[in-house]
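>>> Just the structure for this:
(chains A and B)
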Amino acid sequence: MIWQQLQSLVGSYPLALRGLGMTVMLSLISLVLGTLIGFGLGILRTGGNRLVSGAIGAWVDLIRGTPFLVQIFLIFFILPEFGIELDAFTAGIIALTNLAACFICEIVVAGIRSVPTGQVEAALASGLSRWQRMRQVVLPQAMRIVLPPLVGQYVLLIKDSSVVSAIGLTDLTRVGWLVVQRVPNGLLVFFLVGVGYFIVCYPLILLARRLEQRMGAAHGEVQL
Amino acid sequence: MTSNRSKNGAGMIEFRGVNKWFGALNVLKDITLSVEPREVVVVCGPSGSGKSTLIRCINGLETIRDGDLVVDGQRLGDPATNMTRLRTEIGFVFQSFNLYPHKTALENVTLAPIHVRKIPRAEAEKAGRELLAKVGLADKVNAYPAQLSGGQQQRVAIARCLGMRPKIMLFDEPTSALDPEMISEVLDVMVAVAEEGMTMMVVTHEMGFARKVAQRVVFMDAGAIVESGTPEEFFSHPKTDRSRAFLSKILRH
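Residues are numbered from 1 along each chain as shown, chains lettered A, B, ... in the order given. The predicted structure follows:
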């Protein structure tokens, strides 16, 4: 019995690879985009403009305060009502990117605010422009604070990508649902699905830990 | 009260009736003061008297409520004044050094010349090495701030200002955060800068420095300039009770 199930599972190998590929692809694209947008939002949020800062803050709170599943449904099912048709993959990317950007924005804001005001004043006094102050003085110091939680956030977002199976994307989680209909052993199937996610996430968990240790004992940087 | 020594009516730094408030607190009261090119002015007074605020206004780290503040011929707060441009002409040395911790001594000195003045990197690094040698840190070019003593960090900070070839240098209690044995190495560098003809305003209680290079000592209390004169006049014949009380406290030890 279990032998037959295992054989059947081995037969699902190409489907499982496709699912893993989809999960990695979704995560990779949305994490890259989300990181870029998240840094942009974080920099704007700490900039001088109250209106921009307030708008970003409100959006981030809204996204952080609603379930990701609901956000996906809104994008995938509600937007077409307004004439915006999206395929499931695009909808998934948009939802994940938006979520990643919002969480990363908060991490970046915390990092930027951790840089002592004396640093900004020194840069200001040397005549550095706003962008030069950010690029040369603030961001490099903020990265010490930002990097470990950023990588940790990547792990959370990769796992959150499983929610996109709800709109029919054949990611690792949905492959689990498909396979379990042929192989009626939920425990075994979803154990393997879990292993798949863990293989993707574990290197990042190790990286986050390494970064945390390295940042703690960084050479040439003051413990301010 | 303050003699206006300017020949053509416009000094390098001109305060005319400047007022500033922090909330309800009047931190600068009707300040009128003119600093000539190449003049060295020492500002002293009890803590909370507005000395730091006074010099922080000059490069726009603080903004003024009313009155006129003209620096190098440009009126602060005027829309025509490019503050970023003006700041490149004004070096500012902080009490707590504020070196960039992620950059080496040399990189601290060359950052603004490369990015603001657009000087080619090789040229900026050559000038930076010379400046670090000048402040006695030729062997610390590649050291990070965390590897330097307070006195060394402050000398790098002065070199960082000099790298921009400023017209004015402002010092905000440059030796107050230093251990006593490091104070003189920083003061020596400041004396050398003064002797080269830099226009300087120095907030300090280092009276030896004031006697040596200052043309004028300005005494502030409660946001106002109470007294101003040559170091000799001020230290030997203080005119007001408040300056006498202040001097008796700082000269006692």
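>>> Could you give the secondary structure assignment for residue B:226?
strand (DSSP: H, G, I helix; E, B strand; the rest coil).
>>> Output the lowest mean pLDDT helix or strand found in chain A.
helix A:2-11 (a mean of 82; mean pLDDT, DSSP states H and E).
>>> and the next helix or strand after that one, which residues are buried?
As assigned by DSSP states H and E, the chain's next helix or strand after helix A:2-11 is helix A:13-45. Using 16 or more other Cβ atoms under 10 Å in any protein chain shown as the test for burial, helix A:13-45 gives A:16, A:19-20, A:22-24, A:26-27, A:30-31, A:33-35, A:37-39, A:41-45. Backbone N, C-alpha and C define where each C-beta goes, glycine included.
>>> Tell me the helix or strand right after helix A:13-45.
Next in line after helix A:13-45, if elements are assigned by DSSP H and E, sits helix A:50-64.
>>> elements contacting that following helix?
When contacts are defined as 3 or more Cβ pairs under 8 Å, 6 or more residues apart in numbering or on different chains; DSSP states H and E, helix A:50-64 packs onto helix A:13-45, helix A:88-113.
>>> could you give the mean pLDDT of the first one?
Average pLDDT, helix A:13-45: 94.
>>> Mind giving me the packing neighbours of it?
Packed next to helix A:13-45, using 3+ Cβ pairs under 8 Å, 6+ apart, are helix A:50-64, helix A:88-113, helix A:139-160, helix A:172-182, helix A:186-216.
>>> Just want the angle from the second one to helix A:50-64.
What separates the directions of helix A:88-113 and helix A:50-64 is an angle of 120 degrees, with axes from the mean of the first three to the mean of the last three Cα atoms, to 10 degrees.
>>> quick one: helix A:88-113 to helix A:13-45, angle?
Orientation check (the same axes, to 10 degrees): helix A:88-113 against helix A:13-45 gives 40 degrees.
>>> do the shortest one as well
Relative orientation of helix A:172-182 versus helix A:13-45 (the same axes, to 10 degrees): 150 degrees.
>>> same thing with the first one?
Inter-element angle recorded for helix A:50-64 and helix A:13-45: 150 degrees (by the same axes, to 10 degrees).
>>> Residues of chain B that sit close to chain A?
Within chain B, the positions near chain A by Cβ under 8 Å from any Cβ of the partner chain are B:59-61, B:84-85, B:87-88, B:90-92, B:94, B:96, B:98-102, B:104, B:111-112, B:115-116, B:144-147, B:160-161, B:164.
>>> one more time with 7 Å, if that's ok
Applying Cβ under 7 Å from any Cβ of the partner chain, we find that chain B lies next to chain A at B:59, B:61, B:84, B:87-88, B:92, B:94, B:96, B:98, B:100-102, B:111-112, B:115-116, B:144-146, B:164.
>>> just to revisit the earlier point, format the helices and strands packed on helix A:13-45 as TSV; extra columns: mean pLDDT and mean neighbour count.
Formatted as TSV, those follow (pLDDT from 0 to 100; neighbours: other Cβ atoms under 10 Å in any protein chain shown):
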stretch	mean pLDDT	mean neighbour count
helix A:50-64	95	14
helix A:88-113	95	22
helix A:139-160	92	19
helix A:172-182	90	19
helix A:186-216	88	14
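>>> out of those, which comes closest to residue B:220?
helix A:88-113 (33.0 Å; Cβ to Cβ).
>>> That closest one: what's the following helix or strand?
Following helix A:88-113 in sequence order, the next helix or strand is helix A:117-125 (DSSP H and E).
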